[in-house]
Structure formats: structure tokens, C-alpha cells
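In: dropping the sequence and predicted coords here.
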Amino acid sequence: MKKALITGVTGQDGAYLSRLLLGEGYRVCGLVRDSTHPDLGNLRALGVQDRVEIVTVNLLDLSNVIAVLSQQGPQEVYHLAAQSSVGLSFQQPIGTMEFNVQSTLNLLEALRIARSAARFYHASSSEMFGRVQALPVTEETALHPVSPYAVSKAAAHWATVNYRESYGLFACCGILFNHESALRGGQFVTKKIIAGALAISRGALERLSLGDLSVRRDWGYAPHYVRAMWLMLQQDKPDDYVIATGRSHSLEDFTRLAFAEVGLDWRERVTSDPRLARPSDISDIYGDPAKARRELGWHYGMEFPELVARLVAEEQALYRGETL
Ligand code: NAP
């Protein structure tokens, strides 16, 4: 039985990846920063909280990381923990940089020192591309990050590539575009829109304020995206892959569809507030997942309206306390 270690197991992707790996017959160990008060809500929402072993680690403490890796002896390590909010990174640039880069270096260095054969996955991000010159983005597109979060992910991405090239680690970067689910944190805009539309439909909220509605993103469905992470670590050779749907839509499109799902006209309920816009932002971005399709056999296959409808239905299920 293979063992996988997941950092950031309490997050959206950590929960979906846990469920996937358990289904594939793995033993899953989830690393948390404080096991006395871990928020296992996402694992609980997927009904897998009792099947994941929870272990505390301080990912900024190399000796602690080395100890946990040697105690657990995993075959696969998925590094998903991060200060993952672009918006928050503008308020906490140093904390974001410190955690996202140092935690990655510590894991890589621990694997190198221990001469571990464990396969390593790093959660890189489409945000790294930032100010792109041409679309769609591929694995070869130059990076020009435009937020502290994106800068931190670019640094951790290149550290991962460097450990692969310099020390021969089996280390892969999944360059994932935005992927959503009902398990997204409340600070993320898709969750805010859907939770807002549902609250308005229940009469619990009057209006919703959003930032720039013209920005376009390539949004996908999280459970399909975590499958790509696992596929990367099952290949003969480590490599980096763009995981995307291949098409972008505007935040206005997303808002319109989400509100229509609950029988509302978004134009009557949504205010665009320039104060919520970011200091610098990407106007449009979408990726080309051809390499992942060709080499991993990863196929997305969900249309945008279906994604939004599913997110709304799952948010309603979560509200009713149902397991997703
Ligand atoms: P998420 O829901 O925000 O989860 C982040 C995880 O990181 C949580 O488990 C959180 O633990 C942990 N974490 C944050 N700061 C930490 C710290 N200082 N010490 C220890 N753990 C810490 O993120 P996600 O959507 O699942 O994304 C997973 C990864 O993919 C992240 O690295 C993210 O940057 C990257 N990514 C996400 C997307 C996307 O669209 N979702 C796209 C590209 C890349 P707590 O519960 O303790 O806070």
C-alpha cells in the first residue's frame, strides 16, 4: 500500500486529493500546522476525515520537516500548503513570500538530505505568468508575476525545477489555473459570488459588492484538477504541466450565470466597487492543456455553464449539511 503525504490537507485541494488517493488505495497522511485545532471541515464535507492520519508539522522548521518525512516514509509528497490568496498577499507580501518559498525549500532539502526516492509535487500557479504577451499560456511561456503571491509561487516553482535538474529529485510542478468547488475559502471571489447569490435568494443579504467584473479567468472544477496532480507523479519521468480548460470567461459571465441559477438578475443585486480591485491584476489569461492531455491522458470535459451550475448545487448541498 502506497503512502502519500499532503501538506495543506485542510484546504480545498487537500481534501479532494485525499479522497482521490484513498479511492486509489493509498494511506494518506495530512500535515497540519496545529493538530490540536485543525479545521477538518473540508475533509468532513467529503466524508473522509476519519480515514486521513493527521500529523502536525512546522513547515518552516527544516529539522521538523526532516523528522516527519523520515517517520512517515511516504512514496509521494504533495505540497499544497500555501498562503494562497492573491488579494491577501498584497497586505502580507513578506509573510506570503516567506511561507510559500521557505516551506517548499524545506521539503525539497529534506528529501535531498535523506536521499529519499519519494516523488514530489509542487502546487505552482497560473498566476506566475501575470503580464502575458500571448495567449494561450503553455509550459514555455515566460513568467512575469504581478502579485506577491505570484512572485512567491514563481520562486518555489523554479526551486522545484532546480532540485529536479541539479539533484535528480522526482519533482513535478502542476501549473494549475483557477479551479473551484464549494470547498473554496470564503475570501475567493467565486465562493463570494455563489454564497452571495444564495444569501440574497434566501433574503439574508440585500446586495453584493465585487471588484473589477471585466477580468477574465480560465476556471475549472477542482476534483478534476487534483486528478492531474496524481497523474503527474505516476509518470516515468518528472515534468511540469499546465492544467487548464483552455478558455477564459469574465467575472461578469460567472456572476450572471450564478445569479441566474438561483432565479435572480445579477444587474439588480451586484455593485462593482473600484475599492475592491487589486493594485495590479491580470486582465485575461487562459492556458493550453495539450501537454497534459498528450502525456498524462488528462481530459477536462466540462463546459463553463455546467461548472457554475454544479458549484451552486454543491454550495446548496453544503448549506444543508450534506456530504459532497
Ligand atoms: P487553500 O484552500 O487556500 O488551502 C491552503 C492550505 O494551506 C490550507 O490547508 C492551509 O492550512 C495551508 N496553509 C496556509 N498557510 C499555512 C501555514 N503558514 N502553515 C501551514 N499550512 C498553511 O488552497 P487550495 O485552493 O487548496 O490550493 C492548494 C494549492 O494550490 C495552494 O498552494 C495554492 O496556492 C495552489 N493553487 C491553487 C489554485 C486554485 O485555483 N485553487 C490554482 C493554482 C495554484 P490551514 O487550514 O491551517 O489554514
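Out: In hand now; what should we look at?

In: so the residue of the stretch 1-150 of the chain found nearest the ligand versus Ser18, what's the distance?
Out: Closest to the ligand within the stretch 1-150 of the chain is Gly11: 2.1 Å, counting by C-beta to the nearest ligand atom. C-beta coordinates here come from the backbone N, C-alpha and C atoms, glycine included. As defined by C-beta to C-beta, to the nearest Å, Gly11 lies at a distance of 10 Å from Ser18.

In: more neighbours, those two?
Out: More crowded of Gly11 and Ser18, by other C-beta atoms under 10 Å: Ser18, with 27 against 21.

In: which SSE is that one in?
Out: Assigned by DSSP states H and E, Ser18 belongs to helix 12-23.

In: quick one: residues in contact with whichever helix or strand comes after that helix.
Out: Sequence-wise, the next helix or strand downstream of helix 12-23 (DSSP H and E) is strand 27-32. Identification of contacts with strand 27-32 by C-beta atoms under 8 Å, 6 or more residues apart in numbering yields 1-10, 14, 18, 21-22, 38, 43, 51-57, 59, 68, 72, 74, 81.

In: got a quick ChimeraX command for the buried subset of those residues?
Out: Remark: buried members of the contacts of strand 27-32, expressed as a ChimeraX selection using 16 or more other C-beta atoms under 10 Å:
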select :3,4,5,6,7,8,9,10,14,18,21,22,38,43,52,54,57,59,68,72,74,81
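
In: among the contacts of strand 27-32, which are in helices?
Out: Gly14, Ser18, Leu21, Leu22, Leu43, Val68, Gln72 (DSSP state H).

In: max pairwise distance over those: which two?
Out: For the ones in helices among the contacts of strand 27-32, the maximum inter-member distance is 20.1 Å, found between Leu22 and Val68 (C-beta to C-beta).

In: where do the strands sit along the chain?
Out: Along the chain, counting by DSSP state E, strands occupy 3-7, 27-32, 52-56, 76-79, 119-125, 171-176, 179-180, 208-210, 216-217, 220-221, 240-243, 249-250, 270-272.

In: what is the burial count for Arg269?
Out: For Arg269, the neighbour count with other C-beta under 10 Å is 17.

In: which residues does the nearest residue to Leu107 once chain neighbours are set aside form a beta bridge with?
Out: Excluding the flanking residues, the one nearest Leu107 by C-beta to C-beta, 6 or more residues apart in numbering is His79, at 5.5 Å. Note on His79: beta-bridge partners by DSSP bridges are Thr7, His122.

In: quick one on the thing from earlier: tell me the contacts of the closest residue to the residue of the stretch 1-150 of the chain closest to the ligand other than its chain neighbours?
Out: Computed as C-beta to C-beta, 6+ apart, the closest residue to Gly11 that is not its neighbour in sequence is Leu80, at 6.2 Å. Counting by C-beta under 8 Å, 6+ apart, Leu80 makes contact with Ile6, Thr7, Gly8, Val9, Gly11, Asp13, Gly14, Leu17, Ala123.

In: from those, which two are the most distant?
Out: Using C-beta to C-beta, the pair of the contacts of Leu80 lying farthest apart is Val9 and Ala123, separated by 12.4 Å.

In: what residues does this protein put near the ligand?
Out: 8, 10-14, 32-33, 39, 59, 80-84, 99, 123, 125, 176, 178-179, 185 (C-beta under 6 Å from any ligand atom).

In: okay, the closest residue to Leu5 other than its chain neighbours: pLDDT?
Out: Closest residue in space to Leu5, ignoring its immediate chain neighbours: Pro74 at 4.2 Å, by C-beta to C-beta, 6+ apart. pLDDT recorded at Pro74 is 98.
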